[in-house]
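Visitor: coords below, sequence missing:
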């Protein structure tokens, strides 16, 4: 009886004539990235284990707005898992990950993370091999991702200019109409970086950008990444120490899933712990 | 330079000559065939007999199936070995309509009487209306595809695993309809149709109308598919096929795109089935047999994946050969099919239409 009168009350409340439901006045969802505190990425206390193996162990890391950060560490230190957590591919067991101070990354799927402005370059260059270089950039361009919009999609002059601008930047202007599958390894790496830029990301995650590149290409890549910092926050994971030294201002050393040391290249290199675990030196 | 000009493969396949050939084929189907059948006297050597018109009409329906399959397999890289189920769903909807019309005196078909029904069961309701039937032709395969596709794509089932569960889907459908209790005629299916829209089936006029409708539908479907694959959506589809992960990390949700193409493909298949049934006079569960769906994939592979015209050509070639072989050498048909498939896989990896682009490249190389 009590339950009945209770539900009757609820019913009356719902049917009240001046009732206003939340769904009507819901505040607009704010998806914009807020970096007013100067921090692009907050990772706090993140742990993730796979079948008992701790890939990430209580990792805490902050990336500043416009910063260029290099992450180094021996194999299995958790670099790729870290990238997976940030981009929504892997959900951590514990911890929090925020993009700016407003976007909770752990609630988003991969494509939503990308739409919010985090671009990721894979270790193995992945481009759409059966599309031309131009088409690769066009597909990556920041735009409405709806199906119907994609059927009626036409490039505006402004958008074409933007693509040409990026083509120039990555040095593939004369390869514009070439199938991406026919590019050299280094050119594919660059095309992928170009595709990231087309998304207008605030944060770029770049996994081993110079793997398999010639010395000259490596140099050019270093220059490109350095020029991107400031406008974008850039996180580079790399094994090539010379390369890291040439671009890095701040270096983070990962070891067994957590941060071992952080600082400038020189500070890190002189850190006895780092020397021991990473550079393999015995004391 | 227009970005669209340098675009997708199919755009390059369609030179002006190719377009002229396509228009010529359309004219052939829509004008020349009716003239040869209806105007030319029967004793004239150019006369096209009625059975041949119906046969050609059925081939056009099968070509539509191949077209639908090419959209999801050739372009999006999702191999379905279960499109027979969508074809059969469209066919059963049309069959249900034809059965209701044939029993408009209130007498129930035998298979329902044997189940002790005294009036049409609820799931037969509405099929006496042609308009309702038209809606259901799209809706039944569409909804089935949506539910199945949503579950499969959400769980990121891909490649050969996806192909296998589509086989299971069509196999399950076949067994469901084999049961007499399902109420769609069991293993004999639905047959004994007499009229459609008030016209008696089997007369020269209605044969020709059905052929004509099939041809027109195929042309419209082709233009629709072409519109899709040459748009940015088409480029997203091929990107899903070639590097789905890259696409996902670029901010696209592959689930939505796959589901869209999958449902469009299923609906086209259903439409094909609906046009096929009045020209065959029967729909039964064997359309959902797994080998039937595999054969559909062979049509596309043989003609050339990811070209649209290849799918149509492949369906035509295989079915013409099949019609000839199953009467001339009935025991050898499967060997012939196998040999054709192996031959194309070995020597023409891009299918029969691959020959055209190969010849063109050779000519360009010489000049």
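Guide: That came through fine. From a predicted model like this one, the values you see are computed outputs, not experimental measurements.

Visitor: chain B contacts on chain A?
Guide: A:87, A:109-112, A:114-115, A:119-120, A:122, A:126-132, A:134-135, A:138-140, A:142, A:145, A:147, A:150-153, A:155, A:160, A:177, A:195, A:199 (Cβ under 8 Å from any Cβ of the partner chain). Where you see a C-beta, it was placed from the backbone N, CA and C, and this is true even at glycine.

Visitor: filter those down to the buried ones.
Guide: A:87, A:110-112, A:114-115, A:119-120, A:122, A:126-132, A:134-135, A:138-140, A:142, A:145, A:147, A:150-151, A:153, A:155, A:195, A:199 (16 or more other Cβ atoms under 10 Å in any protein chain shown).

Visitor: just these: which are in helices?
Guide: A:110-112, A:114-115, A:134-135, A:138-140, A:147, A:150-151, A:195 (DSSP state H).

Visitor: strand partners (parallel or antiparallel) of the helix or strand hosting residue A:69?
Guide: Here residue A:69, judged by DSSP states H and E, is contained in strand A:68-72. According to DSSP bridges, strand A:68-72 forms sheet pairs with strand A:233-237 (parallel), strand A:250-255 (parallel).

Visitor: for the longest one, the averaged confidence score.
Guide: Put plainly, it is strand A:250-255. Average pLDDT, strand A:250-255: 88.

Visitor: neighbouring contacts of the next helix or strand after it?
Guide: Proceeding N to C from strand A:250-255, the next assigned helix or strand is strand A:258-263, under DSSP H and E. Here strand A:258-263 makes contact (Cβ atoms under 8 Å, 6 or more residues apart in numbering or on different chains) with A:56-61, A:73, A:78, A:250-254, A:267-268, A:271, A:273-274, A:277-278.

Visitor: just the ones of those in strands?
Guide: Using DSSP state E, A:56-61, A:250-254 are the members of the contacts of strand A:258-263 that sit in strands.

Visitor: find the pair from those with maximum spatial separation.
Guide: A:57 and A:250 (21.5 Å; Cβ to Cβ).

Visitor: show the model's pLDDT score for residue 35.
Guide: Because you didn't say which chain, this covers chain A. Residue A:35 is given a pLDDT of 76.

Visitor: please refer instead to chain B.
Guide: 81.

Visitor: the closest residue to chain A within the stretch 101-250 of chain B - how many residues pack around it?
Guide: For the stretch 101-250 of chain B and chain A, the shortest gap (Cβ to the nearest Cβ) falls at residue B:232, measuring 3.8 Å. Residues lying near residue B:232 (other Cβ atoms under 10 Å in any protein chain shown) number 22.

Visitor: quick one: end-to-end distance for stretch B:299-307.
Guide: One end of stretch B:299-307 to the other measures 13 Å (Cα to Cα, to the nearest Å).

Visitor: what lies in contact with that stretch?
Guide: Residues beyond stretch B:299-307 that count as contacts (Cβ under 8 Å, 6+ apart) turn out to be B:9-10, B:13, B:62, B:65-66, B:69-70, B:73-75, B:238, B:309-315, B:317-319, B:340-341, B:344-345, B:348, B:350-354.

Visitor: returning to what we had before: the contacts of strand A:258-263, buried ones only, as a ChimeraX selection?
Guide: Selecting only the buried entries of the contacts of strand A:258-263 in ChimeraX, with 16+ other Cβ under 10 Å as the criterion:
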select /A:56,57,59,61,73,78,250,251,252,253,254,268,271,274,277,278
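
Visitor: so, low pLDDT: which residues of the stretch 151-283 of chain A?
Guide: A:278-283 (pLDDT under 70).

Visitor: how about the helices in it?
Guide: A:157-169, A:185-198, A:215-228, A:241-247, A:265-270, A:272-277 (DSSP state H, counting those that start in this stretch).

Visitor: which one of those is the most hemmed in?
Guide: Using mean count of other Cβ atoms under 10 Å in any protein chain shown, the stretch among the helices of the stretch 151-283 of chain A with the largest mean neighbour count is helix A:185-198, at a mean of 23.

Visitor: helices and strands around it, which ones?
Guide: For helix A:185-198, the packing partners by 3 or more Cβ pairs under 8 Å, 6 or more residues apart in numbering or on different chains; DSSP states H and E come out as strand A:118-121, helix A:133-140, helix A:157-169, strand A:203-207, helix A:215-228.
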